[in-house]
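Engineer: Dropping the sequence and predicted coords here.
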Amino acid sequence: MSKHIIDDAKRCLQCKNPQCAQGCPIGTPVRDAIALLLGGSLEQAGALLFANNPLSLVCSHVCHQENQCEGHCVLGRKGMPVFISAIEKYISDFYLNIYRPTPSTGEAGRVAIIGSGPAGITIAFYLAQRNYAVTIYESHDRIGGVLRYGIPEFRLPKTVIDRLGEALLQTGVTIRPNTTIGMNLIIDDLFRDGFDAVFMGTGVWRPNRLNIKGESLGHVHYAIDYLKNPGVYRLGQRLIVIGAGNVAVDVARTAVRHGCRGVRLFCHLDASGVTARPHEMEYAKIDGITLVLRKAPIEITEEGVVFADTELQADGEGNPRAVPIPGTEALEPCSSVIIAISQGPRSVIVSSTTGIDVKENGLVAVDTCGHTTRPGVFAGGDVVTGAKTVVEAVQVSRRVAAAIDEYVQETKA
Ligand SMILES: Cc1cc2nc3c(=O)[nH]c(=O)nc-3n(C[C@H](O)[C@H](O)[C@H](O)COP(=O)(O)OP(=O)(O)OC[C@H]3O[C@@H](n4cnc5c(N)ncnc54)[C@H](O)[C@@H]3O)c2cc1C
Ligand code: SF4
């Protein structure tokens, strides 16, 4: 692999005004990292990427590079952009092995972080570097959020998250697993116990429902529940996945890797409704997964799913809307159904405390720096934006970490 990395790095033109960084939501300094790599300064290249984004290694695996750095590289105009993701992976993987942080002194203040997904991890690294005593509270037994319990192993090895967890411990961060804030402990307890500020990075973990008959049957599951621990499910050989986004494709490809052969994705719209990345769809096809378009689920039975054909109409904003055609209902037999039509936030925290406003859709209301309506409580990541991407969670977290720092120092002065 290394030979290809070097050959590809040598193709970089070291642009004066690098478009790759412009295309990245967090301006990853690709050009300078490549120059350091080729100059024999691998550690400095890694330190540069890590300082810009502690999740650089994760992003090299899961970012949508075709729309971001690689999609903007000038060499793409001539046919083949620099293979930035592979170069970033090589550098960041090396660096995470040798990363030895200076532990936080804890003297800047105490911050509680609820949730250990990309948002929580990024804030923890930034605040520990600024000498805060940071405690992370996590509902699951291990850290990572969607990185561990959503994105499948074949796209993001869990060892990457384990190594990030080790790095967090080395920076002096305390991790309290199996602890859901909003149940036994609530935000008020955290302030009572001396935390100066609280960050909510709790993501979106409530699956959207179809709201049709049969949704509670035993062979029907939700995508994010399934992806948490696919090994415990007995799906049989004929799986219907309802949805055609990236999560639906992750479900389908995971099921194939657990022995399910007849996997079909059903989308109520035409090809315009397939929101999964094109290359993920190509992989799905290679895995033997089929895509069925313009079918709306009407009812789920023990035998399968009743779908109706749809016709497309424009909604008030001009977006396509699938309308079931009466009389076209037919049963598609299957052994299991997995519903993958996105997620929304749970209300466990906001319903157990006061002063934190949410919007109509349940997402936490914040200003541009992550201040919620309750002083000292900040929020960021999917719980604010709805289901987005890792790099977007990192982007906002850098801003929110600075705002938390400013808030704590002002209140202590
Ligand atoms: C299946 C799947 C595949 C995806 N693939 C990609 C991809 O390829 N590329 C990409 O960029 N993005 C991808 N995403 C989106 C990306 O993973 C999310 O945007 C990102 O993880 C959001 O980070 P977050 O920190 O806001 O939330 P999360 O990752 O959801 O983390 C939230 C954490 O908070 C914890 N938590 C929740 N409530 C509480 C509580 N009350 N107390 C304590 N802890 C709590 C949760 O257990 C979780 O660990 C994918 C999402 C899914 C579901
Ligand atoms: S745009 Fe492409 S060629 Fe230019 S600096 Fe970035 S990676 Fe190198």
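Structural biologist: Arrived safely. Numbers count the residues shown, from 1 in each chain. Ligands and ions are numbered 1, 2, ... in the order given.

Engineer: Now do the contacts for Ala387.
Structural biologist: Val204, Ser342, Gln343 (CB atoms under 8 Å, 6 or more residues apart in numbering). All C-beta atoms are positioned from the backbone trio N, CA, C, and that covers glycine.

Engineer: Go through those residues and give me the one with the most neighbours.
Structural biologist: Highest neighbour count within the contacts of Ala387: Val204, with 24 neighbours (other CB atoms under 10 Å).

Engineer: would Gln44 count as being in a helix?
Structural biologist: Yes - counting by DSSP: H, G, I helix; E, B strand; the rest coil, Gln44 is found in a helix.

Engineer: Name the nearest residue to it, sequence neighbours excluded.
Structural biologist: In space, not counting the residues next to it along the chain, Gln44 is nearest to Leu36; the distance is 4.9 Å by CB to CB, 6 or more residues apart in numbering.

Engineer: avg pLDDT for the helix or strand the one you found falls within?
Structural biologist: Using DSSP states H and E, Leu36 sits in helix 30-38. Computed over helix 30-38, the mean pLDDT rounds to 98.

Engineer: Any buried residues in that helix, and which?
Structural biologist: Buried residues in helix 30-38, counting neighbours by 16 or more other CB atoms under 10 Å, are found at Val30, Arg31, Asp32, Ala33, Ile34, Ala35, Leu36, Leu37.

Engineer: Output the contacting helices and strands for it.
Structural biologist: helix 2-11, helix 19-22, helix 42-52, helix 84-98 (3 or more CB pairs under 8 Å, 6 or more residues apart in numbering; DSSP states H and E).

Engineer: Please name every helix or strand in contact with the second one.
Structural biologist: Identification of packing neighbours for helix 19-22 by 3+ CB pairs under 8 Å, 6+ apart yields helix 30-38, helix 69-72.

Engineer: Now do the residue located most distally from the centre of the chain against Val146, distance only.
Structural biologist: For the chain, the largest distance from the centre (CA atoms, centre = their mean) belongs to Gly327, which lies 40.0 Å off. The gap separating Gly327 from Val146 is 41 Å, by CB to CB, to the nearest Å.

Engineer: Arg77 now?
Structural biologist: 34 Å.

Engineer: Among those two, which residue is more densely surrounded?
Structural biologist: Set Arg77 next to Val146 and count neighbours by other CB under 10 Å: Val146 wins out with 24 against 10.

Engineer: wait, isn't Ala276 in contact with Ala252?
Structural biologist: No - when contacts are counted by CB atoms under 8 Å, Ala276 is not listed as touching Ala252 (9.5 Å).

Engineer: who has more neighbours, those two?
Structural biologist: Between Ala276 and Ala252, counted using other CB under 10 Å, Ala252 has the larger neighbour count: 31 against 22.

Engineer: Dump the helix or strand containing that one to CSV, keeping only the CA atoms.
Structural biologist: Assigned by DSSP H and E, Ala252 belongs to helix 246-257. Output of helix 246-257 as CSV, limited to C-alpha atoms (Å, rounded to 0.1, in the frame of the first residue of the first chain):
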residue,chain,number,x,y,z
ASN,A,246,-26.7,5.2,3.4
VAL,A,247,-28.1,3.6,6.5
ALA,A,248,-30.3,1.2,4.5
VAL,A,249,-27.3,0.2,2.4
ASP,A,250,-25.2,-0.4,5.6
VAL,A,251,-28.0,-2.7,6.9
ALA,A,252,-28.3,-4.6,3.6
ARG,A,253,-24.6,-5.1,3.2
THR,A,254,-24.2,-6.1,6.9
ALA,A,255,-27.1,-8.7,6.5
VAL,A,256,-25.3,-10.2,3.5
ARG,A,257,-22.1,-10.5,5.6
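
Engineer: other SSEs contacting that helix?
Structural biologist: helix 223-228, strand 238-242, strand 262-266, helix 278-286.

Engineer: Now it: buried residues?
Structural biologist: Neighbour-count burial for helix 246-257, counted by 16+ other CB under 10 Å, picks out Asn246, Val247, Ala248, Val249, Asp250, Val251, Ala252, Arg253, Thr254, Ala255, Val256.

Engineer: List just the nearest of those to Thr373.
Structural biologist: Closest to Thr373 out of the buried residues of helix 246-257 is Val247 (30.4 Å), distances taken as CB to CB.

Engineer: could you redo the helices and strands packed on helix 30-38 as CSV and give each row mean pLDDT?
Structural biologist: Putting the helices and strands packed on helix 30-38 into CSV (pLDDT from 0 to 100) gives the following:
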stretch, mean pLDDT
helix 2-11, 88
helix 19-22, 97
helix 42-52, 98
helix 84-98, 97
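
Engineer: just so I know, which of these lies nearest Asn184?
Structural biologist: Going by CB to CB, the one of the helices and strands packed on helix 30-38 nearest Asn184 is helix 84-98, 34.2 Å.

Engineer: ok, and what's touching the closest one?
Structural biologist: The contact list for helix 84-98 (CB under 8 Å, 6+ apart) reads 1-2, 4-5, 8-9, 20, 28, 30, 33-34, 37, 42-43, 45-47, 49-50, 56-57, 59-61, 63, 65, 69-70, 73, 160, 163-164, 167.
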